[in-house]
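1. Need a 3D model of the sequence below.
(2 chains, ligands or ions: 2)
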Amino acid sequence: MTDDVVPVMQIGDTLLVALQGDLDDTTVIRIEEQLTREVSQTSATGMLIDVSRLSVVDSFIARVLARIVAMVRLLGAQAAVVGIQPAVAITLVELGVPMGHLDTALNAEQGLALLRRLRRGDTGTD
Amino acid sequence: MPTETGREPAVFDMVDESDLIRVRKVLRTEAEATGLNLVDTTKLITAGSELARNILNYATGGRGRIRIEQVYHQGRRGVRATFADDGPGIEDIDQAMTDGFSTRGSMGLGLPGARRLVDDLTLTSAAGSGTTVVIVKWQR
Ligand SMILES: Nc1ncnc2c1ncn2[C@@H]1O[C@H](COP(=O)(O)OP(=O)(O)OP(=O)(O)O)[C@@H](O)[C@H]1O
Ligand SMILES: [Mg+2]
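-> Ligands and ions are numbered 1, 2, ... in the order given. Purely as a prediction, here's the structure:
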């Protein structure tokens, strides 16, 4: 099964993925598989996952997002989740999903800056 | 409780993963019709998604029954959602409601997390006789 589930854009050496719609579990897993393929088959050194159009992120989706970020790092690239809606962020904190270890940014532009810092191994903030 | 708008409750069976999306969609429709704000709507949908997934994961055949309706109490409007199944039930409810407790090596935050996200969560269950979880979110 190699069908692409989400469109992936490449900007320089960064892959940009925008998730949208109400995602069922199977779709979420297929997205994870697709992104793993994309990172390993391209020379990308970073990935931004834009979740600004997801109006609900439950514990399952959050867990897979964290897994995708960990997988990208394992493949030697950097990944960040960008654009979490405020209502979703509040909900995830109250639900108790640990997202603190995830690198996040407000939007794609700040996400690109964050990836640049991560590639340099700079963990401080601007 | 009366449904004064004459809106019929949404009642449907949960049979597979696609019903998870249906649960979230109906909860959004009812939350918006009730006038819940965006954060409360998001919390309600997320709590419902956790409870519906528990039915898929733990109930016999992943099957259950969902009921979603508007409710009124002392002049306030809210949304009530009921998640019922005839599965194996929960032996120790206090334990199941504890953060981090899971019988399948998961994060164990579905039930305690859902309780934090809504105004009221009632869990009725006994080993061998199914599980019913009722959540309510009130308009502010
Ligand atoms: N409908 C149900 N029928 C039978 N057992 C249930 C049901 N819902 C929950 N449980 C039991 O309660 C435990 C705790 O549920 P909870 O949703 O909090 O965590 P989880 O499903 O194990 O993990 P997570 O939701 O974080 O992925 C489950 O592991 C399961 O043993
Ligand atoms: Mg659960």
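2. so what's the nearest residue to residue A:57 once chain neighbours are set aside up against?
-> Closest residue in space to residue A:57, ignoring its immediate chain neighbours: residue A:88 at 5.0 Å, by Cβ to Cβ, 6 or more residues apart in numbering or on different chains. Any C-beta I mention is one placed from the backbone N, CA and C, and that applies to glycine too. Residue A:88 makes contact with A:51, A:54, A:55, A:56, A:57, B:42 under the criterion Cβ atoms under 8 Å, 6 or more residues apart in numbering or on different chains.
3. Helices - which of these land there?
-> The helices in this structure, assigned by DSSP state H, contain residue B:42 from these.
4. Keep only those of the contacts of residue A:88 that are in strands.
-> Members of these lying in strands (criterion: DSSP state E): residue A:51.
5. from the contacts of residue A:88, which is closest to ligand 1?
-> Among those, residue A:57 lies closest to ligand 1 (Cβ to the nearest ligand atom), at 13.8 Å.
6. what does the model give the residue in chain B positioned nearest to ligand 1 for pLDDT?
-> Distances from chain B to ligand 1, computed as Cβ to the nearest ligand atom, single out residue B:110 as the nearest residue at 2.3 Å. At residue B:110 the predicted local distance difference test score is 96.
7. what about it, neighbour count?
-> 26 (other Cβ atoms under 10 Å in any protein chain shown).
8. Now it: closest residue in space that isn't a chain neighbour?
-> The spatially closest residue to residue B:110, leaving aside those adjacent along the chain, is residue B:50, at 4.0 Å (Cβ to Cβ, 6+ apart).
9. Poorly predicted segments of chain B, please.
-> Counting by pLDDT under 70, the low-confidence segments of chain B come to B:1-6.
10. what's the closest non-adjacent residue to the most centrally placed residue in chain B?
-> Of all residues in chain B, the one closest to the mean position by Cα atoms, centre = their mean is residue B:48, 4.2 Å from it. Leaving out its chain neighbours, the residue that sits closest to residue B:48 by Cβ to Cβ, 6+ apart is residue B:27, at 4.8 Å.
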